[in-house]
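S.K.: Got a predicted structure here, sequence first:
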Amino acid sequence: MTRTALHIVFTGPPGPEGGKFVEVETPDGRSANVGEWHDRADGLVELRIPVPSSPLVIDSKPVFVAWTNTDCTEGRGQQVPLAVCEAEATALRKGHRGSVQGSDCSITKSIAVRVEGQTGWFAPARIHAPTREDEGVERSLEAKRAAAQAKREAIERARAAGMSDADIKLLEG
C-alpha cells in the first residue's frame, strides 16, 4: 500500500501577485476534503489539516520468530527474539539449539511492518527500559534539543524583525 499525494491547486505560483487557492484534489482530479477553514485573529483565514498522530504502515508481511531467553543457563531471563525470518523453515534452522541449555527455540508466527519514512522492517523485539544513568543522559539530550530549538526560533524572530544574516551570524559568535 502506498500513500497517494494530494494536489493543492492555485491559480498561479506564489509571489507579490500570488495565485489564489482553488481546491485540494486527489491525483485523479476529485475534490478532497482534508480539513476545516478557520478565521484567524489577524484577519487571515487558515485551512487546518489534521496530521496523523501514528505512523503510516505502508506494507506488512508474515514472519516467523525464533524465541530464546536472556538466561540460556537456567531460563530465568526474558523471552527475546533470536531471529525473525520470512520462512518457518529458516526460523527452525536459526533456532536449533538456540535456547535454554541448548534446547530448540520456540517458534511463533507474527507480522513485520514497514513504516512510511523509515527504512527496513519492524518486527517483534525486546524494548529495553532506560537505566538511571540513561535517564540522566536523556534529560541532558532533551535539554540540548530544547536549547537548539530555542536558538532556531530566536534566529527566525531576528530575521522576521529585519536583521540580516550577517548580523545574526555575528550574534551567534
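M.R.: Arrived safely, thanks for sending. Numbers count the residues shown, from 1 in each chain.
S.K.: any idea how far Lys61 is from the residue positioned nearest the centre of the chain?
M.R.: Central residue of the chain (Cα atoms, centre = their mean): Pro55, 5.9 Å from the mean position. From Pro55 across to Lys61, the span is 17 Å (Cβ to Cβ, to the nearest Å). Yep, even glycine has a C-beta here, placed from its N, CA and C like the rest.
S.K.: Pull the contacting residues for the spatially most distant residue from the centre of the chain.
M.R.: In the chain, Gln101 marks the outermost C-alpha relative to the chain mean, sitting 38.8 Å out by Cα atoms, centre = their mean. Shown in contact with Gln101 (Cβ atoms under 8 Å, 6 or more residues apart in numbering): 72-73, 75.
S.K.: Could I get the pLDDT score of the closest residue to the residue nearest to the centre of the chain other than its chain neighbours?
M.R.: In this structure, Pro55 finds its nearest non-sequential neighbour in Val115, 4.5 Å apart by Cβ to Cβ, 6 or more residues apart in numbering. Per-residue pLDDT puts Val115 at 90.
S.K.: pretty sure the residue farthest from the centre of the chain belongs to a helix, no?
M.R.: Yes: under DSSP: H, G, I helix; E, B strand; the rest coil, Gln101 sits within a helix.
S.K.: Roughly how far does it sit from Pro52?
M.R.: Counting by Cβ to Cβ - Gln101 and Pro52 are separated by 46 Å.
S.K.: Which SSE is immediately downstream of the longest helix along the chain?
M.R.: Ranked by number of residues, the top helix in the chain under DSSP state H is helix 132-160. Where DSSP states H and E defines the elements, the next helix or strand beyond helix 132-160 is helix 165-172.
S.K.: counting contacts, what elements does that following helix pack onto?
M.R.: Helix 165-172 is packed against helix 132-160, with contacts defined by 3 or more Cβ pairs under 8 Å, 6 or more residues apart in numbering; DSSP states H and E.
S.K.: how about the helix it packs on: buried residues?
M.R.: Ile155 (16 or more other Cβ atoms under 10 Å).
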